[in-house]
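# generate a structure from the sequence data that follows.
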Amino acid sequence: MLKFLRGGLRRVCCSDAKRPPLGRLSDITRIWFSPLPAKSKWIQPCSVNYLENELQKETHVVKVLDGVLVVLYNKSRDKLIFVRQFRAAVYQGRLSCQQPKIPRGDVDLQKFPPEMGITLELCAGQVDKDKSLEDIAREEILEECGYDVPADGLQKVFQYRSGVGISSGGQALFYCEVCDEQRVSAGGGVDKEVIQVVELSLDEARQLVRTGNRTNGGPALLVGVMWFLLNKAPKSS
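Numbering: from 1, shown residues only. As a prediction, the model looks like this:
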């Protein structure tokens, strides 16, 4: 699926190509760009004006929802569990590197294949419910990866902010150990989500954070893997 990619991204993803990923396959046959609707469910852009050292400044920001992320480790098989899915923002970001302006209308999928937007990520979700962060993370583990875990089985690792230049959502990173007996479904997401579950060995995970490597995942993927290798991997071996 990712064989067209060159360089580090191909090295990152080829290790899981030997085994079929769990969950539905993403089959994208058309991509097109259009103006942002007047009211978005997910983001709220605005202008922030302020005085700094008696100089008036203006910056444009986007309000986003907070999120939870989980470093998920299956101790039955000594594997780290990730998810893979199409991310339109990643696709747009990679496409814009090759052409400066956001296109209008349909994209040439032969020239810009949908696989450009396929990411490797930690299990994650948005804080859009009136529940504790642990309960929301627990739901995401069940929905995306199929493991039913207790909320008190999650260890909070970090809380930080992402996208501080244009948006600033609070992120809570958790760690959770699971076993095969806790697997109650194939996962894959809910509603319209198309998510594949990917398991990597610890050696494969180490390849993700090797100096000079490249990945289509966000910084939380790299931070989560490095934290695990530093704090948990010796104990799990």
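# contacts and neighbour counts: CA atoms only from here.
Will do.
# contacts for the lengthiest helix in the chain, please.
Of all the elements of type helix in the chain, the one with the most residues (DSSP state H) is helix 219-231. Contact partners of helix 219-231, identified using C-alpha atoms under 8 Å, 6 or more residues apart in numbering, comprise 69, 71, 120-122, 173, 205-206, 208-209.
# list the buried ones in it?
For helix 219-231, burial by neighbour count (16 or more other C-alpha atoms under 10 Å) applies to 220-222, 224-229.
# now swap in stretch 155-172 and tell me
Using 16+ other C-alpha under 10 Å as the test for burial, stretch 155-172 gives 162, 167-172.
# give me the distance from the longest helix of the chain to the chain's centre.
Centre-to-centre, helix 219-231 and its host chain are 13 Å apart (C-alpha atoms, centre = their mean, to the nearest Å).
# now stretch 32-47
With C-alpha atoms, centre = their mean, you get 21 Å for stretch 32-47.
# contacts for that stretch, please.
Outside of stretch 32-47, the residues within contact range by C-alpha under 8 Å, 6+ apart are 58-65, 102-107.
# select only the buried ones of those in ChimeraX?
Here is the ChimeraX selection string for the buried members of the contacts of stretch 32-47, based on 16+ other C-alpha under 10 Å:
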select :61,62,64,65,107
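# sort out for me which of the contacts of stretch 32-47 are in strands.
58-63, 105-106 (DSSP state E).
# let me have the residues you listed in CSV, extended by pLDDT and distance to residue 87.
CSV is the format used below for the ones in strands among the contacts of stretch 32-47 (pLDDT from 0 to 100; distance: C-alpha to C-alpha, whole Å):
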residue, pLDDT, distance to residue 87
58, 96, 30
59, 95, 26
60, 94, 23
61, 94, 21
62, 92, 18
63, 91, 19
105, 87, 18
106, 93, 17
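# show me the two of those residues that sit farthest apart.
Within the ones in strands among the contacts of stretch 32-47, 58 and 106 form the most distant pair, 33.8 Å apart (C-alpha to C-alpha).
# show me where this structure has helices.
Counting by DSSP H, the helices of the chain are 8-14, 88-98, 133-140, 202-208, 219-231, 233-236.
# out of the contacts of helix 219-231, which end up buried?
69, 71, 120-122, 173, 205, 208-209.
# any regions of the protein where pLDDT drops low?
1-24, 234-237 (pLDDT under 70).
# any idea which residue sits dead centre in it?
Geometric centre of the chain, nearest residue: residue 121, 3.7 Å, by C-alpha atoms, centre = their mean.
# looks like it contacts residue 217 (just checking).
Yes - here residue 121 reaches residue 217: they are 5.4 Å apart, a contact under C-alpha atoms under 8 Å.
# which residues of this structure fall in strands?
32-33, 44-52, 55-63, 67-74, 79-86, 105-106, 118-121, 123-126, 154-162, 169-178, 196-201.
# I am finished for the moment; much appreciated.
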